[in-house]
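Enquirer: Sequence first, predicted model second:
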Amino acid sequence: MFKRILIANRGEIALRVIRACRELGVESVVAYSEADRGARYLELADRAICIGPARSDQSYLKINRVISAAELAQVDAIHPGYGFLSENSHFAEICRSCGYEFIGPTSEAMELLGNKNAARAAARRSKTPTVPGSDGLITSESEGLAVAREIGYPVLVKASAGGGGRGIRQANNDQELKRALQEAAQEALTAFGNPDVYIEKFIENPRHVEAQILADAHGNVVHLWERDCSLQRRRQKLVELTPAPNLSLAKRKALCEAAVRLAKESGYTNAGTVEFIVDKNGDFYFIEMNARIQVEHPVTELATGIDLIKAQIRLAAGEKLPYAQQDIKHRGFAIECRINAEDVEKNFRPCPGKIEELIAPGGFGVRFDSHVYAGYTVSPYYDSMIGKLLATASTREEGLAIMIRALEEFHIKGIKTSIPLLLNILKSPKFAAAAPDVGFIERHFMTK
């Protein structure tokens, strides 16, 4: 086991890793920016090192400054959390070349799966269903038109690199496709430095279901069941839950087993998430793999009883998985709501500022993962999420009732949050009556 770990991240996930390290008997060192100076979670670490100004491109995204902090603290490993450098294969390679274990997959696996075109090819090799589309990258307008006409409109033009909903355009005819190819490539070049795009058939009103996997360096891979992440706004997740509603046990098993096959085919190690879309018939198709811990990982922890952050650290230290697939049981129902500092009524505008009062909910079946407190100032420099509220119970009905009660109990003053929207969604008869797709929130709860 490692003696000391550098946490190259901030906020809620940094606190989560600090706690896991403490319970494992591992020292934790947090790299922080000037904007996070004075945050209380830093006091829980064994050491905190400032790595630069508030802007992430001058601190959390600055590889040389993270490595300098690792050298100064004489750590054994680096945990990247999620976001920032967590899926940067170059960073993973540099960490290991400098003698620090990167708590995540190999740089080779990250490069393979970070390129959506290469990941689709790996999925096909592992007999994981993929959305009909181009066999590879689209290299010309004429090629794109030929593919679209063959599979039929509507289609999606998608960036091969990156994520977060960027570099994606829908086209319903030839003229729209010509424009979509140009716009998606330009956005991908700007956002990811890579203009490559491919084409997929557009699946109408899909659901977003993902499978959590763990893989050790000894060839063992297991899944920890699935999460439904369909409740999104502008392709950003708001609510995640398990089990996926209106999906048979046979379909759930097949989806999760496909995720395991893909991880094995890719030589993947550590924690990862394989993402699928599910159509109205319950058929699933691979879309991408996230080579890091997910924001919504606590949903799986509540449903399986497995601490995923500790698992990440143990796997990075070379330990074997302590359980086989048949040992992992899915228990009851779990749901997560992301609490974001944003003004829903003003087009989800970020709402940074000082939290004047904060009383987090509690009670049986409630968990709140957050680094904020009364008096904390939400920074304008980073993501607007300030916490994750979770509820668990033996049934979906009971779990939703606990979550609604917890949201109503949540008291926060000084900033606006996503709580009113979350309550409206969970109380909606439309939500209760069906398994929402990815367009559910935009159709029913967002003004045009």
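Expert: Okay, I see it.
Enquirer: So what touches the helix or strand encompassing residue 142?
Expert: Assigned by DSSP states H and E, residue 142 belongs to helix 141-151. Applying C-beta atoms under 8 Å, 6 or more residues apart in numbering, the contact partners of helix 141-151 are 132-134, 138, 155, 157, 171, 174, 177-178, 181, 199, 201. (Each C-beta comes from the backbone N, C-alpha and C, glycine too.)
Enquirer: got the contact list for the residue positioned nearest the centre of the chain?
Expert: Centroid-nearest residue in the chain: residue 294, 3.5 Å away (criterion: C-alpha atoms, centre = their mean). In this structure, residue 294 makes contact with 82, 210, 212, 273, judged by C-beta under 8 Å, 6+ apart.
Enquirer: now residue 263
Expert: Per C-beta under 8 Å, 6+ apart, neighbours of residue 263: 213, 215, 221, 272, 274, 289.
Enquirer: any idea which helix or strand carries it?
Expert: Per DSSP H and E: helix 249-265 holds residue 263.
Enquirer: For the next helix or strand along the chain from that helix, name the packing helices and strands.
Expert: Following helix 249-265 in sequence order, the next helix or strand is strand 270-278 (DSSP H and E). In terms of contacts (3 or more C-beta pairs under 8 Å, 6 or more residues apart in numbering; DSSP states H and E), strand 270-278 is packed against strand 207-215, helix 249-265, strand 284-290, helix 308-316.
Enquirer: Now the two most distant members of the contacts of helix 141-151.
Expert: Checking the contacts of helix 141-151 against each other with C-beta to C-beta, the farthest-apart pair comes out as 132 and 178, at 20.6 Å.
Enquirer: What ranges does the stretch 301-448 of the chain have for its strands?
Expert: 333-340, 342-343, 349-350, 353-354, 357-359, 366-370, 377-378, 385-393, 411-413 (DSSP state E, counting those that start in this stretch).
Enquirer: hmm, back to that, could you identify which of the helices and strands packed on strand 270-278 has the lowest mean pLDDT?
Expert: Of all the helices and strands packed on strand 270-278, the minimum mean pLDDT falls on strand 284-290 (a mean of 94).
Enquirer: picking that back up, which one of the contacts of helix 141-151 is nearest to residue 375?
Expert: Closest approach to residue 375 among those (C-beta to C-beta): residue 157, at 46.5 Å.
Enquirer: And that closest one, how far from residue 418?
Expert: According to C-beta to C-beta, to the nearest Å, residue 157 and residue 418 sit 30 Å apart.
Enquirer: so what pLDDT did the residue nearest to the centre of the chain get?
Expert: At residue 294, pLDDT is 97.
Enquirer: How far away from the center of its chain is stretch 79-91?
Expert: Distance, stretch centre to chain centre, for stretch 79-91: 12 Å (C-alpha atoms, centre = their mean, to the nearest Å).
Enquirer: Same check on stretch 18-38?
Expert: Offset of stretch 18-38 from its chain centre (C-alpha atoms, centre = their mean): 21 Å.
Enquirer: end to end, how far does it reach?
Expert: With C-alpha to C-alpha, to the nearest Å as the measure, stretch 18-38 spans 16 Å from end to end.
Enquirer: so what's residue 152 closest to, chain neighbours aside?
Expert: Ranked by C-beta to C-beta, 6 or more residues apart in numbering and with sequence neighbours excluded, the top spatial neighbour of residue 152 is residue 201, at 7.1 Å.
Enquirer: List the beta-bridge partners for the one you found.
Expert: According to DSSP bridges, the residues that bridge with residue 201 are residue 155.
Enquirer: quick one: contacts for it?
Expert: Applying C-beta under 8 Å, 6+ apart to residue 201 gives the contacts 131-133, 151-152, 155-156.
Enquirer: Show me which of the residues you listed are buried.
Expert: Buried members of the contacts of residue 201, scored by 16 or more other C-beta atoms under 10 Å, are 131, 133, 155-156.
Enquirer: what's the closest of these to residue 321?
Expert: Nearest to residue 321 out of the buried ones among the contacts of residue 201 is residue 131 (C-beta to C-beta; 30.7 Å).
Enquirer: Can you list the buried residues in the helix-or-strand element of the chain with minimal mean pLDDT?
Expert: The helix or strand of the chain with the lowest confidence, counting by mean pLDDT, DSSP states H and E, is helix 429-433 at a mean of 86. For helix 429-433, the neighbour count (16+ other C-beta under 10 Å) marks residue 431 as buried.
Enquirer: any idea how far it is from the chain center?
Expert: 25 Å.
Enquirer: Which neighbouring elements make contact with it?
Expert: With contacts taken as 3+ C-beta pairs under 8 Å, 6+ apart, helix 429-433 sits against helix 440-444.
Enquirer: got the contacts of residue 294 as JSON lines, with neighbour count columns?
Expert: Output for these, formatted as JSON lines (neighbours: other C-beta atoms under 10 Å):
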{"residue": "82", "neighbour count": "18"}
{"residue": "210", "neighbour count": "28"}
{"residue": "212", "neighbour count": "28"}
{"residue": "273", "neighbour count": "23"}
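Enquirer: I'd like those residues as CSV, with distance to residue 3 appended.
Expert: CSV is the format used below for the contacts of residue 294 (distance: C-beta to C-beta, whole Å):
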residue, distance to residue 3
82, 24
210, 34
212, 28
273, 29
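Enquirer: the more surrounded of residue 157 and residue 418?
Expert: residue 157 (29 against 25; other C-beta atoms under 10 Å).
Enquirer: Validate this expectation: that one resides in a strand.
Expert: Yes. Per DSSP: H, G, I helix; E, B strand; the rest coil, residue 157 lies within a strand segment.
Enquirer: where in the stretch 101-250 of the chain is pLDDT low?
Expert: Along the stretch 101-250 of the chain, segments meeting pLDDT under 70 span 162-164.
Enquirer: Break the protein down into its domains, please.
Expert: 4-103, 132-201, 207-444 (automatic domain parsing).
Enquirer: Residue 200 contacts residue 154, correct?
Expert: No. At 10.3 Å, residue 200 and residue 154 do not qualify as touching, with contact defined as C-beta atoms under 8 Å.
Enquirer: Tell me which of those two has more neighbours.
Expert: When neighbours are counted by other C-beta under 10 Å, residue 200 comes out ahead of the other of residue 200 and residue 154, with 22 against 15.
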